[in-house]
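J.: take a look and give me a structure for this.
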Amino acid sequence: MGTINGGAVVNIFLNTLGLFDGRLRTHGEHVGYILYKMLEFDDTYSFDERRIFLVLGALHDFAAYKTDKIDDLLSYDLKDVWPHSVYGYFYMQYLSPFADYARIFLLHHLNHAKLDALKPPHQDVIEMVRLADSIDLMIYHGQYSEVNMVRQLGPHIAGSYVKLFLTANAHYHIIENIMDDTYRQELDILTESIDWEQGVADQLLKTLVYTIDFKNESTVLRTLNANAMCEYLADKMKLTPDEKSDLQYASLVYDLGMLGVPDSVLNAPRRLTPSERELVEGHVNAVEKILKPHVSDGILQIAIRHHERLDGLGYPRGLKEKDLSLPQRILAAADVMAALQTDKEYKPALGKQDVIRALLREVKEHKLGMDIVRVIERNYDELMNTVKQQGADLYGNYLTVKQSFPSVLQQFQQI
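T.: You can find the predicted model right below:
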């Protein structure tokens with residue numbers, strides 16, 4: 001049965017964020033690696049805990065893709081540290097399996113004096129993330145040396161953590177490994193060894209789906225709706241357990257490649273030009289690159305064939321009906337249906353009868369399968385009730401993040 005384990009989810013997460021800006025992905029990897037090596041030398045936390053902190057360190061700035069200009073974030077004089085810190089906190093608190101560690105994202109820019117006054121959980125890790133973050137910015141700007149590091153960071157970070165880094169660096173050659181890129185070998189081994197319970201891995205995968213919001217909110221809702229539709233149709237059409245599992249995972253990750261599409265194209269308030277359409281169609285190749293080393297072929301093929309059509313006029317490979325399995329055709333139909341029910345700037349969502357007519361037109365033109373569309377038509381109301389029920393909790397937490405962020409951000413900006 002196809003699943004996506006914890007190590008694969010972490011690598012998929014990092015690969016996806018790399019679509020935004022490879023510099024910030026690399027920065028996150030460096031911070032996670034420095035943090036891990038400090039924790040390894042300190043030996044306070046278990047191996048499993050250190051791997052969790054490695055992942056959180058690698059993702060510590062991930063919300064900056066939503067809130068900040070990356071050039072500003074990678075500068076020394078970031079004027080406002082709170083937008084990505086608060087947004088990252090909310091994502092971890094409400095949309096991830098790591099709620100207990102959410103304050104790491106919120107507080108990782110505070111100095112030692114303020115952290116000592118707050119005494120938050122995992123204060124030691126927060127201080128080490130702050131130190132690792134600052135060290136990597138010095139590396140990025142070509143200004144790292146032990147003397148510069150101690151002089152610049154000493155007033156802001158507890159001396160015990162500075163000493164810990166210097167000792168760990170002497171033992172593990174952390175900076176040398178980063179400079180010559182050999183740290184990646186160890187990082188790959190560590191991430192691939194992650195063996196969280198499947199529920200934790202699945203929840204982190206859903207956290208990744210929510211990051212599509214960084215580009216386009218409607219795509220998040222469409223993906224979640226398509227995922228719920230696929231689960232319903234898989235039952236109705238009696239897929240095997242393995243097929244159901246492959247389809248469920250594929251229908252979560254199939255649109256991650258959209259994160260590589262320029263904002264101006266993805267959010268265009270009109271129909272796309274041919275060149276813009278070509279950019280959008282490139283999201284399928286992007287998702288193949290993200291997933292290929294980390295998921296089963298069954299999951300991969302469903303995900304990358306959701307725009308293929310029975311008549312061979314789909315993309316990217318122009319496959320025909322004989323080439324497409326039932327799970328692949330179900331996701332294609334669910335994606336079309338979810339898109340028809342999603343508001344766009346230039347076209348409102350369609351109601352029940354218009355959705356059914358549009359799907360039947362796709363059948364008539366030999367784009368979608370009659371077998372799937374008939375199941376949708378006969379069970380439309382039950383299908384949509386199921387989608388709404390499954391989406392209630394997911395949407396609720398997501399809307400909490402969206403609605404709470406502005407007021408909480410304002411409070412922290414006054415600190």
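
J.: how far away is residue 123 from residue 242?
T.: 46 Å (Cβ to Cβ, to the nearest Å). Just so you know, the C-beta spots here come from the backbone N, C-alpha and C atoms, and that holds for glycine as well.

J.: just checking, residue 192 touches residue 7?
T.: Yes. Residue 192 is within contact range of residue 7, at 4.5 Å (criterion: Cβ atoms under 8 Å).

J.: so the two - more neighbours on which side?
T.: Using other Cβ atoms under 10 Å as the criterion, residue 192 and residue 7 rank with residue 7 on top: 21 against 16.

J.: in what element of secondary structure is the closest residue to residue 82 other than its chain neighbours found?
T.: Computed as Cβ to Cβ, 6 or more residues apart in numbering, the closest residue to residue 82 that is not its neighbour in sequence is residue 412, at 4.6 Å. Remark: residue 412 resides in helix 380-413, with elements defined by DSSP states H and E.

J.: show me how far that helix is from its chain's centre.
T.: Relative to the mean C-alpha coordinate of its chain, helix 380-413 is positioned 17 Å out (Cα atoms, centre = their mean, to the nearest Å).

J.: mind listing what's buried along that helix?
T.: For helix 380-413, burial by neighbour count (16 or more other Cβ atoms under 10 Å) applies to 380, 383-384, 386-387, 390-391, 394, 397-398, 401, 405, 409, 412.

J.: name the nearest of those residues relative to residue 151.
T.: Nearest to residue 151 among these: residue 412, at 28.6 Å, using Cβ to Cβ.

J.: which strands or helices does the helix holding residue 412 pack on?
T.: helix 82-95, helix 217-236, helix 352-364 (3 or more Cβ pairs under 8 Å, 6 or more residues apart in numbering; DSSP states H and E).

J.: just want the angle from the helix or strand that the second one is followed by to helix 217-236.
T.: Using DSSP H and E, the next helix or strand after helix 217-236 towards the C-terminus is helix 241-253. Counting by axes from the mean of the first three to the mean of the last three Cα atoms, to 10 degrees, helix 241-253 points 170 degrees away from the direction of helix 217-236.

J.: okay, now the unreliable bits of the chain?
T.: By pLDDT under 70, the low-scoring segments of the chain are 1-2, 68, 73, 76-78, 345-346, 415.

J.: can you list the domains in it?
T.: Annotated domains of the chain cover 6-196, 215-400 [automatic domain parsing].

J.: would you turn these into a markdown table with distance to residue 209?
T.: Formatted as a markdown table, the domains of the chain follow (distance: least, Cβ to Cβ, whole Å):
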| stretch | distance to residue 209 |
| --- | --- |
| domain 6-196 | 9 |
| domain 215-400 | 6 |
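
J.: any idea which residue sits dead centre in this structure?
T.: When Cα atoms, centre = their mean is applied to the chain, the residue found nearest the centroid is residue 208 (2.5 Å).

J.: roughly how far does that one sit from residue 32?
T.: Counting by Cβ to Cβ - residue 208 and residue 32 are separated by 16 Å.

J.: do the same with residue 103
T.: 17 Å.

J.: likewise residue 307?
T.: 34 Å.

J.: give me the more crowded residue out of these two.
T.: Comparing residue 307 with residue 32 by other Cβ under 10 Å, the one with more neighbours is residue 32, at 27 against 19.

J.: grab the nearest non-local neighbour of residue 323.
T.: Residue nearest to residue 323 in three dimensions, not counting chain neighbours: residue 308, with 7.5 Å by Cβ to Cβ, 6+ apart.

J.: what helix or strand is the one you found on?
T.: Under DSSP H and E, no helix or strand contains residue 308.

J.: mind listing what it touches?
T.: Contacts for residue 308 (Cβ atoms under 8 Å, 6 or more residues apart in numbering) come out as 314-315, 317-319, 323-324, 328, 332.

J.: do residue 23 as well
T.: Taking Cβ under 8 Å, 6+ apart, one finds 70, 74, 140 in contact with residue 23.

J.: closest to residue 302 out of those?
T.: Nearest to residue 302 out of those is residue 70 (Cβ to Cβ; 32.4 Å).

J.: thought the closest one was touching residue 61?
T.: No. Look at residue 70 against residue 61 with Cβ under 8 Å: they stay out of range, at 9.2 Å.

J.: and these two? Which one has more around it.
T.: Using other Cβ under 10 Å, the more surrounded residue of residue 70 and residue 61 is residue 61, with 26 against 16.

J.: isn't that one right up against residue 88?
T.: Yes. In terms of Cβ under 8 Å, residue 61 counts as a neighbour of residue 88; the distance is 7.4 Å.

J.: quick check: what element follows the strand or helix carrying residue 170 along the chain?
T.: Using DSSP H and E, residue 170 maps to helix 159-172. Counting by DSSP H and E, the next helix or strand C-terminal to helix 159-172 is helix 174-179.

J.: contacts made by stretch 167-185 with the rest, please.
T.: Residues outside stretch 167-185 that contact it (Cβ under 8 Å, 6+ apart): 29-30, 33-34, 37-38, 40-42, 135-136, 139, 144, 165, 186.

J.: kindly present the helices and strands packed on helix 380-413 as a markdown table, with separate columns for mean neighbour count and distance to residue 155.
T.: Listed next are those as a markdown table, based on neighbours: other Cβ atoms under 10 Å; distance: least, Cβ to Cβ, whole Å:
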| stretch | mean neighbour count | distance to residue 155 |
| --- | --- | --- |
| helix 82-95 | 22 | 21 |
| helix 217-236 | 22 | 41 |
| helix 352-364 | 15 | 61 |
